[in-house]
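# sequence plus the predicted model coming up.
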Amino acid sequence: MGNRDKIEKRVIQASEEALYRQQYVSPLDVLLGMGTLHPSQIQDWRKGRVPHLEGIIQGNLSKISFAMKCFRSWAIKKGLKPSKTVYLARTRGPKKPLQFSKSGNPSIEQACQTHYISPLLSSKKKEKLKEKFEKPPELVVFIIGNPSSCSKCETELGKGNLLYVEGEEGFCLPCAGFGDLVFLSSGDATLTRRAKKYSSTSLVVVKFSRIRKRYERQGLLVQEDALRRAEEELKVSEEVYL
Ligand SMILES: [Zn+2]
């Protein structure tokens, strides 16, 4: 079997598997299924830690573009519907689209932004899918377990302080531009939901649990006004029901 036949076989396997599991297939599913990308690399890319996927993909660009060609013809044969999505980066400031290729070539970008949906998927589920694709991952801030310092103002940050990480650097909240946010600890789901809705910026606060060996959500950072407004509203609705 030639090299190209092998690639085609792997593309089809990965695509069939993803279609069976979720009723749609994205180019990322294909690259993941083929083993040319690792889930953690996709996370890094979505968090804006790498400028484009091309630089971290295993295999050369001609192999990848051949794989994408196989994927497209497989999807068309299957009668799947193409749908374009723009992936957004999780960084501070205005949302910006994520880039797949180093060159940013529009035809490559467009091919990578196109996923294929089963005609069996309901329109409601299609809507949800679009939302899921287009929503950038949440911004995260860490409660540090070890002393650190801000990359910009060099303030020493002891254990228990908050650190915002971007790329290789860590920042104190004021330097990251989040100095005006207040902490709302987890526990009151309704209050959290409302405060988040009213706050134009929010970050998830996480802390590493040594026992469970994973990051756990401690609460949110939200704008103070948003928190006050949410609290006021809930107070009023409580009074109504009393
Ligand atoms: Zn700082």
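That came in fine, so what should we check first?
# wait, what's in contact with Y164?
Contacts for Y164 (CB atoms under 8 Å, 6 or more residues apart in numbering) come out as L139, V141, F142, G170, F171, C172, L173, A176, F178, L203. In short, each C-beta sits where N, CA and C put it, glycine included.
# farthest pair within the residues you listed?
L139 and C172 (15.2 Å; CB to CB).
# mind checking how far the residue nearest the centre of the chain is from the ion?
To find the centre residue of the chain, average its C-alpha atoms and take the closest one (CA atoms, centre = their mean): that gives P137, at 3.2 Å. P137 is 24 Å from the ion, where distance means CB to the ion, to the nearest Å.
# so where does that residue fall, helix or strand?
Following DSSP states H and E, one finds P137 outside all helices and strands.
# picking up where we left off before, of L139 and C172, who's got more company?
Just comparing L139 and C172: by other CB atoms under 10 Å the higher neighbour count belongs to C172, 22 against 18.
# was I right to think that one contacts L163?
Yes: using CB atoms under 8 Å, C172 is in contact with L163, at 7.2 Å.
# give the residues shared as contacts by the two.
With the criterion set as CB under 8 Å, 6+ apart, the overlap between the contacts of C172 and L163 is C150, L157.
# on that earlier part again, flag the least confident of the contacts of Y164.
Taking the contacts of Y164 together, the minimum pLDDT is found at L139 (89).
# please name the nearest non-neighbouring residue to that one.
Spatial nearest neighbour of L139, chain neighbours left out: L203 (4.4 Å); criterion: CB to CB, 6 or more residues apart in numbering.
# okay, the one you found and the ion: tell me how far apart.
As defined by CB to the ion, L203 lies at a distance of 16 Å from the ion.
# that residue reaches I143, doesn't it?
No: when contacts are counted by CB under 8 Å, L203 is not listed as touching I143 (11.7 Å).
# compare those two (neighbour count), which wins?
Counting neighbours by other CB under 10 Å for L203 and for I143 shows that L203 has the greater number, 22 against 18.
# what residues does this structure have near the ion?
Taking CB under 5 Å from the ion, the part of the chain that reaches the ion is made up of C150, K152, C153, C172, C175.
# buried ones among those?
For the residues of the chain next to the ion, burial is judged from neighbour counts taken by 16 or more other CB atoms under 10 Å, and it is met by C150, C172, C175.
# closest to W74 among these?
Set against W74, the nearest of those by CB to CB is C175 (48.0 Å).
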